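Engineer: Sequence first, predicted model second:
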Amino acid sequence: MTYYQHHVFFCINQRANGERCCNDHHAQEMRDYAKARIKELKLSGKGKIRINNAGCLDRCSEGPVIVIYPEEVWYTYVDQEDIDEIIESHLQNGKIVERLRI
């Protein structure tokens, strides 16, 4: 068994040279929202869900992006409603959100 049931990585990279990057789309705020929501739902901790920052995940043109392990499912998102859908559908109920999948 893995330490976490799901490990969620949010790219929060910000390029200094002005190239398009995930944090141009409020990635840090969305990551903070997801982390707070997971804690609020009492889904964080050993055997549950971990929300983490990640540096560049090298999919900038598809961003903002997150990846969920161990399933290795990549998502993009626009707003908190998308994050809520990923939490409820994928993380709580094991159903991939196809409309947001990369």
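Structural biologist: That came through, no problem. Not measured: the values here are computed from a predicted model.

Engineer: Just to check, residue 61 is in contact with residue 22?
Structural biologist: No. Assessed by CB atoms under 8 Å, residue 61 is found out of contact with residue 22, at 10.7 Å. Quick note: C-beta positions are derived from backbone N, CA and C, even for glycine.

Engineer: Where do the strands of this protein begin and end?
Structural biologist: 6-11, 49-54, 65-69, 73-76 (DSSP state E).

Engineer: higher neighbour count, residue 61 and residue 22?
Structural biologist: More crowded of residue 61 and residue 22, by other CB atoms under 10 Å: residue 22, with 28 against 7.

Engineer: now the chain, which segments are flagged as low pLDDT?
Structural biologist: Low-confidence segments of the chain, defined by pLDDT under 70: 1, 18.

Engineer: Go ahead and flag the most central residue of it.
Structural biologist: By CA atoms, centre = their mean, the mean C-alpha position of the chain lies nearest to residue 66, the distance being 3.7 Å.

Engineer: which one of the strands of the chain is the most hemmed in?
Structural biologist: Ranked by mean neighbour count, those are led by strand 6-11 with a mean of 22 (mean count of other CB atoms under 10 Å).

Engineer: Tell me the gap between it and the middle of its chain.
Structural biologist: Its chain's C-alpha centre lies 5 Å from the corresponding centre of strand 6-11 when counted by CA atoms, centre = their mean, to the nearest Å.

Engineer: quick one, it and strand 49-54 angle?
Structural biologist: 20 degrees (axes from the mean of the first three to the mean of the last three CA atoms, to 10 degrees).

Engineer: what sits up against strand 6-11?
Structural biologist: Residues external to strand 6-11 that are found in contact with it (CB atoms under 8 Å, 6 or more residues apart in numbering): 22-23, 27-28, 30-31, 34, 48-57, 59, 63-71, 90-91.
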